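Colleague: Predicted model and sequence follow; I will ask about them next.
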Amino acid sequence: MESVPAPDGKRILLAAPRGYCAGVDRAVDAVEKALELYGAPVYVRKEIVHNKFVVETLSRRGAVFVNDTDEVPEGARVVFSAHGVSPAVKAAAAARHLATIDATCPLVTKVHKEAVRFATSDYDILLIGHDGHEEVEGTQGEAPEHIQVVNGPHEVDKVEVRDPEKVIWISQTTLSVDETMETVNLLRQRFPHLQDPPSDDICYATQNRQVAVKKLAPDADVVIVVGSANSSNSVRLVEVARESGAGAAYRVDRAEEIDPAWLEGATTVGLTSGASVPEILVRDVVERLRALGYTGVEQVRTATEDIMFSLPKNLRADLKAAGERPDRPHRARRERAATAPEA
């Protein structure tokens, strides 16, 4: 995708970073490698990542997505999604003698370990996140008697703790920095001794994608975010674009969902994608916009990501035993190499 000036001034501002993060890349690679190595079917608990295209593509290759481990035949192989699972889910899988591949994002695993450590020290743990999200369910499941979910600023007044001097907050990794810190600041007014986690739980990819959108939004008449409706970080990117000065902002799963009416009178269109979105979907949107007259493409970069995570340990071992290289250039890196030069 080359940078091309637009003779009539109609252009696309392409956010960078965008799309796949290292945790998503690892999880999708884990399913792909498992299918190559073990053959179909490979079962996956929940959606491996929150993206329709990815789930549909893996399904066609032989991945079978289930809601829980009791839907997996006894003794079969199951992959845990990037969002993580609770100890109870792991125990249920073990009881059914399932061969498990844990594709939990390492950043989510870090939050799980923090939850266990502070629960062991008898802290009340305030988990800032969204009830019902797989990541929140997995984290809360590590210490349910110590963790209570705070869905946002509107719930701060309802929070009750045993000892106001032994309270710590942790966060769903895919929330926005602004949203999380607003809740934290209100919690701290109620509980002045509220402790911060030892490291920032906000995922670097979530933060980077929001910063990039904040930079391009003031110059965009319309911002289009590629991502699925159940992707928290994709939905939030739409909100960030609107809050940061874009004339309008919309979310689409695919290029054909773009309504030309959205672009009436627009000269500049901003474009980004959530952390679970493959680059091919962004390229399809670029081609759709070019067909609508937006022939200029300029990349707006605010950070460079070079983080990579290894495949799950047991999958790496099986790949090595089969004579295959367990490490390959990750999709995120391959696709970065093919993206447009910076503006």
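Modeller: Received, thanks. Numbers count the residues shown, from 1 in each chain.
Colleague: Strands along the stretch 201-343 of the chain, start to end?
Modeller: All strands of the stretch 201-343 of the chain, identified by DSSP state E, counting those that start in this stretch, fall at 222-226, 249-252, 268-273, 296-301.
Colleague: is it possible to export the ones you listed to a markdown table including distance to residue 166, mean neighbour count and mean pLDDT?
Modeller: From N, CA and C alone the C-beta is placed, and that goes for glycine too. Rendered in a markdown table, the data for the strands of the stretch 201-343 of the chain read as follows (distance: least, C-beta to C-beta, whole Å; neighbours: other C-beta atoms under 10 Å; pLDDT from 0 to 100):
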| stretch | distance to residue 166 | mean neighbour count | mean pLDDT |
| --- | --- | --- | --- |
| strand 222-226 | 40 | 27 | 98 |
| strand 249-252 | 40 | 20 | 98 |
| strand 268-273 | 40 | 27 | 98 |
| strand 296-301 | 43 | 20 | 97 |
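Colleague: can you put the ones you listed in JSON lines and add distance to residue 315?
Modeller: Formatted as JSON lines, the entries for the strands of the stretch 201-343 of the chain read as follows, by distance: least, C-beta to C-beta, whole Å:
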{"stretch": "strand 222-226", "distance to residue 315": "29"}
{"stretch": "strand 249-252", "distance to residue 315": "33"}
{"stretch": "strand 268-273", "distance to residue 315": "27"}
{"stretch": "strand 296-301", "distance to residue 315": "33"}
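Colleague: between those, which one is nearest to residue 110?
Modeller: For residue 110, the closest of those is strand 268-273, at 24.6 Å, according to C-beta to C-beta.
Colleague: So what are the sheet partners of the closest one and their directions?
Modeller: Strand 268-273 has the following sheet partners, assigned by DSSP bridges: strand 11-16 (parallel), strand 222-226 (parallel).
Colleague: what angle sits between it and strand 296-301?
Modeller: Counting by axes from the mean of the first three to the mean of the last three C-alpha atoms, to 10 degrees, strand 268-273 lies at 50 degrees to strand 296-301.
Colleague: Distance from strand 268-273 to the middle of the chain?
Modeller: Here strand 268-273 is found 19 Å from its chain centre; the criterion is C-alpha atoms, centre = their mean, to the nearest Å.
Colleague: where's the longest helix belonging to the chain relative to the chain centroid, distance-wise?
Modeller: Assignment by DSSP state H gives helix 22-38 as the longest helix of the chain. Helix 22-38 sits 16 Å away from the centroid of its parent chain (C-alpha atoms, centre = their mean).
Colleague: Mind checking the pLDDT average for that helix?
Modeller: Within the predicted structure, the mean pLDDT of helix 22-38 is 97.
Colleague: try stretch 171-187
Modeller: 91.
Colleague: Kindly format the C-alpha coordinates of it as PDB.
Modeller: As requested, C-alpha coordinates have been extracted for stretch 171-187 and formatted as PDB (Å, rounded to 0.1, in the frame of the first residue of the first chain):
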ATOM      1  CA  SER A 171      -8.100  -3.300  34.900                       C
ATOM      2  CA  GLN A 172      -9.500  -5.000  31.800                       C
ATOM      3  CA  THR A 173      -6.600  -4.600  29.400                       C
ATOM      4  CA  THR A 174      -8.600  -3.400  26.500                       C
ATOM      5  CA  LEU A 175     -10.200  -0.300  28.100                       C
ATOM      6  CA  SER A 176      -9.100   3.200  27.200                       C
ATOM      7  CA  VAL A 177      -6.600   5.000  29.500                       C
ATOM      8  CA  ASP A 178      -9.000   8.000  29.800                       C
ATOM      9  CA  GLU A 179     -12.000   5.800  30.800                       C
ATOM     10  CA  THR A 180     -10.000   3.800  33.300                       C
ATOM     11  CA  MET A 181      -8.300   6.700  35.000                       C
ATOM     12  CA  GLU A 182     -11.600   8.600  35.300                       C
ATOM     13  CA  THR A 183     -12.900   5.700  37.300                       C
ATOM     14  CA  VAL A 184      -9.700   5.300  39.300                       C
ATOM     15  CA  ASN A 185      -9.700   9.000  40.300                       C
ATOM     16  CA  LEU A 186     -13.300   8.800  41.600                       C
ATOM     17  CA  LEU A 187     -12.400   5.600  43.500                       C
END
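Colleague: What's the first helix or strand after the host helix or strand of residue 89?
Modeller: With elements delineated by DSSP states H and E, residue 89 resides in helix 87-95, which encompasses its position. Later in the chain than helix 87-95, the nearest helix or strand by DSSP H and E is strand 99-102.
Colleague: Check the spacing between residue 237 and residue 287 real quick.
Modeller: For residue 237, the distance to residue 287 (C-beta to C-beta, to the nearest Å) stands at 21 Å.
Colleague: Give me the more crowded residue out of these two.
Modeller: residue 237 (30 against 12; other C-beta atoms under 10 Å).
Colleague: got a list of what the more buried one touches?
Modeller: Taking C-beta atoms under 8 Å, 6 or more residues apart in numbering as the definition of contact, the neighbours of residue 237 are 209-210, 213, 225, 227, 251, 272, 274.
Colleague: for these, which one is nearest residue 308?
Modeller: Using C-beta to C-beta, residue 209 is the member of those that sits closest to residue 308, with 17.6 Å.
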